[in-house]
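In: Give me a model of this one.
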Amino acid sequence: MNGFLQKMYESAGFFIRDMESEIRVKEQEYNAIKSSHSAIKSAMNIINGNTDERMMFDQAMEYIQDDMGKKLGEMERFMQLSGQFINGVDIQNGVYEEKGLEMLEELQERDFNFMLPAGTKSDTKPDDNYGQLFR
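Out: Just a heads-up that it's a prediction; the model follows:
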């Protein structure tokens with residue numbers, strides 16, 4: 001008798017879980033249908049000419065277009081301003097590069113005596129010193 005009651009208890013548990021699962025599925029289906037119906041009803045009101053909702057729709061679209069136009073204008077203005085800034089930085093870097101090249105040429109034309117210990121003088125050209133490094 002005890003085995004029979006245990007099997008009945010297990011069977012009832014399976015049946016309850018199955019029913020709970022089926023209820024969850026039906027709830028989801030109901031919510032999906034309810035949302036779809038609401039969307040279709042709104043669309044039908046707009047199509048049928050419900051003027052209040054149509055006016056709100058038109059105002060919303062107009063606001064979106066104005067807002068997008070303002071934001072695009074801000075972005076274009078920023079690009080113009082940043083372009084001038086970037087060009088200024090490029091010019092400034094070019095000036096520094098030019099000055100650096102002039103200083104390098106001036107140092108290459110010198111005798112590099114400032115690098116030698118005091119009282120010594122180099123009779124060779126700087127290129128000769130570098131050539132000896134690779135022998």
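
In: and stretch 16-31, which residues are buried?
Out: Of the residues in stretch 16-31, none is buried by neighbour count under the rule 16 or more other Cβ atoms under 10 Å. Where C-beta positions appear, they are placed from N, C-alpha and C, glycine not excepted.

In: mean confidence for it?
Out: Mean pLDDT, computed over stretch 16-31, is 91.

In: go on, stretch 48-67?
Out: Model confidence over stretch 48-67, given as mean pLDDT, is 82.

In: Longest helix in the protein, please.
Out: Scanning the chain for the helix with the most residues, using DSSP state H, yields helix 51-109.

In: which other helices and strands contact it?
Out: helix 2-47 (3 or more Cβ pairs under 8 Å, 6 or more residues apart in numbering; DSSP states H and E).

In: quick check: angle from the helix it packs on to helix 51-109?
Out: In this structure, helix 2-47 runs at an angle of 90 degrees to helix 51-109, with axes from the mean of the first three to the mean of the last three Cα atoms, to 10 degrees as the basis.

In: what's helix 2-47 packed up against?
Out: Using 3+ Cβ pairs under 8 Å, 6+ apart: helix 2-47 touches helix 51-109.

In: ok so, going back, report the distance from the longest helix of the chain to the chain centre.
Out: Per Cα atoms, centre = their mean, to the nearest Å, the displacement of helix 51-109 from the mean C-alpha position of its chain is 17 Å.
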